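Chemist: Generate a structure from the sequence data that follows.
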Amino acid sequence: MDQVLDIVPLRSFVAVADRGGFQRAATQLHLSQAAVSQHTRRLEAATGRRLVARDGRRSRFTADGEQLLDYARRILALHDEALRSFGVESADTLAIGSTEHAAAQLLPQLTSTLEKSLPEHHVRYRLDRGTALREALAAGKLDLALLPGASDDPRATPVGELELTWYSAPGWSRPEGPVPLVAFDSPCALRTSALETLAGQGIPAEIGAEANQLAGVHAAVAAGLGVALLATFGQAPEGLVACDDLPAPAPLPLTVWRRQGLDHFVTGHAIKSLRRLLSARPGPPLAIVRGA
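Modeler: Sure thing, here's the model as predicted:
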């Protein structure tokens, strides 16, 4: 077989389909429109078929073009998987920072959604505290970061609000004195919200236990050391129950921060995916914050 389907033209071909045109594909790939068009002609020469046809001012894929597009996605997926197996990151890797709350529930769904909307990207996550995620974003080690709190920074876009719930051990009862709180190490948006919520109602409180990981907070609450304010998407952590005799806190805003220079097309898909996931889930939205 003399003809070869090269990876670079195939990647351009897929980008044309995903972006809806040659110019948009060229912008994404940092190429000229002429170069992307040339890549399509190379594929047409290799297959001996017309892959793209003019339709007025626009272009459309022919039946053969649609068939090759399906093959191209599969070829690129296997190509990139092979490189990743040898520790080689694709240039189209999308690094997203989050905290451990999101790992079990939201991130798998987000990954699935982004694989459909951004099939040319491989998603990689970094789970860490909010302060560390901000530092990684500023250093260019992350493309996006899911962070708590409203912000007027041009890099931040709100995607929803996180409903917060008090949790305690089964049978725990509120003491006569200050309410003992189980909280993450400071700084932490949940810790601040818990203290401010109780103070706003004139209820004295004190930190009864601290932890730097979610598992530690759960363990301390389960041991009866106090109550914790968490965002769990309505799913109570194992061994804990919702505590209804404390004042309801205000929802916590969630924002997506992007690194400077990140393609707005990529950012837009991530924002839309998160908004759709947060609004579609029944009950309170999922926690995506730990340390702010």
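
Chemist: rest of the way, CA atoms for contacts and neighbours
Modeler: Will do.

Chemist: What residues of whatever helix or strand Arg41 lives in count as buried?
Modeler: Here Arg41, judged by DSSP states H and E, is contained in helix 33-47. Applying a neighbour-count criterion of 16 or more other C-alpha atoms under 10 Å, one finds 33, 36-37, 39-44, 47 buried in helix 33-47.

Chemist: Which strands and helices lie in contact with it?
Modeler: helix 7-19, helix 22-29 (3 or more C-alpha pairs under 8 Å, 6 or more residues apart in numbering; DSSP states H and E).

Chemist: Select from those helices the stretch with the lowest mean pLDDT.
Modeler: Ranked by mean pLDDT, these end with helix 22-29 at the bottom, a mean of 78.

Chemist: Packing partners of that helix?
Modeler: By 3+ C-alpha pairs under 8 Å, 6+ apart, helix 22-29 packs against helix 7-19, helix 33-47.

Chemist: wait, which of those is closest to Leu164?
Modeler: Leu164 sits nearest to helix 7-19 of all those, at 37.4 Å, using C-alpha to C-alpha.

Chemist: buried sites along that closest one?
Modeler: 9-17, 19.

Chemist: Gly226 contacts Pro175, doesn't it?
Modeler: No - here Gly226 does not reach Pro175: they are 9.7 Å apart, not a contact under C-alpha atoms under 8 Å.

Chemist: Among those two, which residue is more densely surrounded?
Modeler: Gly226 (25 against 9; other C-alpha atoms under 10 Å).

Chemist: So for the more buried one, what's the pLDDT?
Modeler: 95.

Chemist: Read off the pLDDT value for Thr197.
Modeler: 95.

Chemist: in which helix or strand would I find it?
Modeler: Since the elements are taken from DSSP H and E, Thr197 ends up inside helix 189-200.

Chemist: sorry, back to before: so which bits of the next helix or strand after the helix holding Arg41 are buried?
Modeler: Sequence order places strand 52-55 as the next helix or strand after helix 33-47, per DSSP H and E. Within strand 52-55, the residues scored as buried using 16+ other C-alpha under 10 Å are Val52.

Chemist: for strand 52-55, packing partners?
Modeler: strand 58-61.

Chemist: List the contacts of the strand it packs on.
Modeler: Here strand 58-61 makes contact (C-alpha atoms under 8 Å, 6 or more residues apart in numbering) with 21, 51-54.

Chemist: from those residues, which is closest to Arg129?
Modeler: Gly21 (39.5 Å).

Chemist: helices and strands of the chain: which one bottoms out on pLDDT?
Modeler: helix 100-103 (a mean of 60; mean pLDDT, DSSP states H and E).

Chemist: Number of residues surrounding His122?
Modeler: The number of residues near His122, taken as other C-alpha under 10 Å, comes to 20.

Chemist: still on that earlier bit, so which of the helices and strands packed on helix 22-29 comes closest to Ala270?
Modeler: helix 7-19 (14.8 Å).

Chemist: by contact count, what packs against the closest one?
Modeler: helix 22-29, helix 33-47, helix 63-85.

Chemist: Pro187 is nearest to which of the ones you listed?
Modeler: So among those, helix 63-85 is nearest, using C-alpha to C-alpha, at 35.7 Å.

Chemist: Going by neighbour count, list what's buried in the closest one.
Modeler: Those would be 65, 68-69, 72-73, 75-76, 80-81, for helix 63-85 by 16+ other C-alpha under 10 Å.

Chemist: the helices in the stretch 101-250 of the chain, which residues?
Modeler: Remark: helices assigned in the stretch 101-250 of the chain by DSSP state H, counting those that start in this stretch are 106-117, 130-138, 189-200, 214-222.

Chemist: least reliable of these going by mean pLDDT?
Modeler: helix 106-117 (a mean of 76).

Chemist: List the buried residues of that helix.
Modeler: 106-107, 110-111, 113-114, 117.

Chemist: tell me what it is packed against?
Modeler: So helix 106-117, by 3+ C-alpha pairs under 8 Å, 6+ apart, packs with strand 122-127, helix 264-280.

Chemist: report the angle between the axes of that helix and strand 122-127?
Modeler: Relative orientation of helix 106-117 versus strand 122-127 (axes from the mean of the first three to the mean of the last three C-alpha atoms, to 10 degrees): 160 degrees.
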